[in-house]
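Colleague: Quick one, structure for this:
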Amino acid sequence: MDRLVAKGPKLAHSLAKQITQDIVVGKLGADAFLGPERTLLDRYGVSRDTFREALRQLEWLGIVRAQRGAKGGLYVQSPSQASVVNLLRDYFDFSQANFDELLVVRSVLERELVRAAIESLTDRDVVRLRILQGQFEAGMSRDQFVVLLFSFYRHLMEIAGNKVITFCLMPLIFVTVDIANFGKLSDAQFASNSEVAWSKLKSVVDEVIAGNAFAADRPLQEFLDFTGQSVGTQIATLHSESTYPAWFDLSHSKMAEGLIYRIHRDIRSSGCCQGDRLGTEAELMERYQVSRSTFREACRVLEVVGLVQMQKGRDGGLKVAQPQPDNAIAAVVYYLNAIKVPYVSLTAVRNAIELTAIPLAASNVTEGAIEELSALLARQQALLGDADFAAASIATQKAINHLSGNDILNFYYDALLDSIYFSDQGKEAVAKLVRHSEAITVSQASIVDAVLHRDQALARRRVLQHHAVIERYIGAA
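Modeller: Purely as a prediction, here's the structure:
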């Protein structure tokens, strides 16, 4: 056996994660042959059932495809931005992402989008933006306004040319539209709201053209604040039959895909909590009038996200679980490495997240968190110059950021950090981390100290200083 997968209750999930990591580390491109089933069973030391469950998860994540016949086996799937964006959209929807937290992350990403657009703006782009500004019409329909909103973001994304910002921001815009139930507004309310919203975005465009990122922050934040105020009063029940994602076509999509959203909708509408039992397989097949294969396929997808868990035994059945980010993060890492995004694009977004998350951490720190951070920092200091130092340093930095209390910020931070250190340039960065471990640790310790003293302003200053230290000793790798 070449590689044994860690045993545990989620063996198929562990196997899927290990295969993804092997693809990334091995720099295997689209259509690379991973091997026939028998070879992979021996390599990973798992049963056929476990392997096939992991395979179904990886196929849903868009990472691999199975092929039968003379050349049968497992192949690396060509990465698709649309499929991974839809995966993240589902993850955030299914995990009941807090809307206020979502808007905080949108603010971080959209400020970076504006800055990147200003840096890349050409005179031809100015003409395109002026045309865009004139496309709003009083009395336009709800669908027309949503199309115009997406056109605004698409224009800025194309100008900015930062694939990381685009990739991270798109799912959040989709989720915002998913939960905004415009149908609850009267025609007069919608007309008024859309006019106010567009006036803010027009001002953003003016400042982009003027090259004034600082001035653009104000109308951008006003637009997001207005979105929070207006949408907060009209939250839709996600994935009712009238609010399936726009990419989901009930008449053409597989029956299992429709069942995914029906189960999710029923969990939401019934107020189920983690651990609540939804029913046995037989009971749920009867309730939803589907076959066993359709039911199990839908459950596998929901288990990948972590929304449900199937348990065996006398008290078994489908139970509500707490969505976990691991599989979605694995898909992000695979995608960003497959399309070979520049190291500097990854670090720019990561740095922006740190500048928001760590001051929040200073306001949220608890006694338990103080003990955890102190222990992590002590372990890091004990490993100065050691090969394991990089992992300890990354663990400390993740723990600091996680104290922000914003699950979406944490998700993107972890995904970007993992993407950075799995890349070729990231591997060079890890080696430099170890070589300069003492300076890196001193810098991180200063951040921890500011957080432990609950000093938000100082925490932000220490983050900026840490970025300078990283630039000095690691640079663009």
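Colleague: The stretch 201-350 of the chain: strands as residue ranges?
Modeller: Secondary structure of the stretch 201-350 of the chain (DSSP state E, counting those that start in this stretch): strands at 277-279, 308-311, 317-320.
Colleague: need the least confident one among those strands, by mean pLDDT.
Modeller: Mean pLDDT values for those show the minimum at strand 308-311, a mean of 84.
Colleague: Any buried residues in that one, and which?
Modeller: By 16 or more other C-beta atoms under 10 Å, the buried positions in strand 308-311 come out as 308-310. Glycine gets a C-beta too; all of them are placed from N, C-alpha and C.
Colleague: and which of these is nearest to Leu224?
Modeller: Val308 (32.5 Å; C-beta to C-beta).
Colleague: Who does the closest one form a beta bridge with?
Modeller: On the basis of DSSP bridges, Val308 takes part in beta bridges with Val320.
Colleague: Pretty sure it sits against Arg300.
Modeller: No: with contact defined as C-beta atoms under 8 Å, Val308 does not count as touching Arg300 (9.9 Å).
Colleague: List phi and psi for the residue lying farthest from the centre of the chain.
Modeller: Distance from the C-alpha centroid of the chain peaks at Ala70, with 37.7 Å (C-alpha atoms, centre = their mean). When read as degrees, to the nearest 10, the backbone of Ala70 gives phi -60, psi -30.
Colleague: List the contacts of it.
Modeller: Residues counted as contacts of Ala70 (C-beta atoms under 8 Å, 6 or more residues apart in numbering): none.
Colleague: May I ask which helix or strand of the chain has the lowest mean pLDDT?
Modeller: helix 255-270 (a mean of 79; mean pLDDT, DSSP states H and E).
Colleague: Just the CA atoms of that one, as PDB, please.
Modeller: The C-alpha trace of helix 255-270 is given here as PDB (Å, rounded to 0.1, in the frame of the first residue of the first chain):
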ATOM      1  CA  MET A 255     -33.900  14.300  -9.700                       C
ATOM      2  CA  ALA A 256     -31.300  13.900  -6.900                       C
ATOM      3  CA  GLU A 257     -30.400  17.600  -7.400                       C
ATOM      4  CA  GLY A 258     -34.000  18.600  -6.900                       C
ATOM      5  CA  LEU A 259     -34.200  16.400  -3.800                       C
ATOM      6  CA  ILE A 260     -31.100  18.200  -2.300                       C
ATOM      7  CA  TYR A 261     -32.900  21.500  -2.200                       C
ATOM      8  CA  ARG A 262     -36.200  20.000  -1.000                       C
ATOM      9  CA  ILE A 263     -34.500  18.400   2.000                       C
ATOM     10  CA  HIS A 264     -32.700  21.600   2.700                       C
ATOM     11  CA  ARG A 265     -35.900  23.700   2.500                       C
ATOM     12  CA  ASP A 266     -37.700  21.200   4.800                       C
ATOM     13  CA  ILE A 267     -34.900  21.400   7.400                       C
ATOM     14  CA  ARG A 268     -35.100  25.200   7.300                       C
ATOM     15  CA  SER A 269     -38.900  25.500   7.400                       C
ATOM     16  CA  SER A 270     -39.300  22.900  10.200                       C
END
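Colleague: which secondary structure element contains Phe411?
Modeller: Here Phe411 sits within helix 407-422, counting by DSSP states H and E.
Colleague: What helix or strand is the closest residue to Gly139 other than its chain neighbours located in?
Modeller: Leaving aside its chain neighbours, Gly139 sits nearest to Ala191 (6.2 Å; criterion: C-beta to C-beta, 6 or more residues apart in numbering). Here Ala191 is covered by helix 187-210, with elements defined by DSSP H and E.
Colleague: Which elements pack onto the strand or helix carrying Phe167?
Modeller: Here Phe167 sits within helix 163-179, counting by DSSP H and E. Applying 3 or more C-beta pairs under 8 Å, 6 or more residues apart in numbering; DSSP states H and E, we find helix 163-179 packed against helix 81-94, helix 99-120, helix 142-160, helix 213-231, helix 326-338, helix 343-364, helix 407-422.
Colleague: of those, which approaches Thr20 most closely?
Modeller: helix 326-338 (4.5 Å).
Colleague: Show me the shaky parts of the stretch 151-300 of the chain.
Modeller: Within the stretch 151-300 of the chain, the stretches with pLDDT under 70 are 181-183, 232-257.
Colleague: can I get the buried residues of strand 308-311 in CSV with distance to Ala138?
Modeller: Output for these, formatted as CSV (distance: C-beta to C-beta, whole Å):
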residue, distance to Ala138
Val308, 46
Gln309, 50
Met310, 52
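Colleague: between the residues you listed, which is closest to Glu37?
Modeller: Met310 (23.3 Å).
Colleague: Go ahead and confirm the closest one touches Gly317.
Modeller: Yes: the pair Met310 / Gly317 is scored as a contact, 7.4 Å apart, by C-beta under 8 Å.
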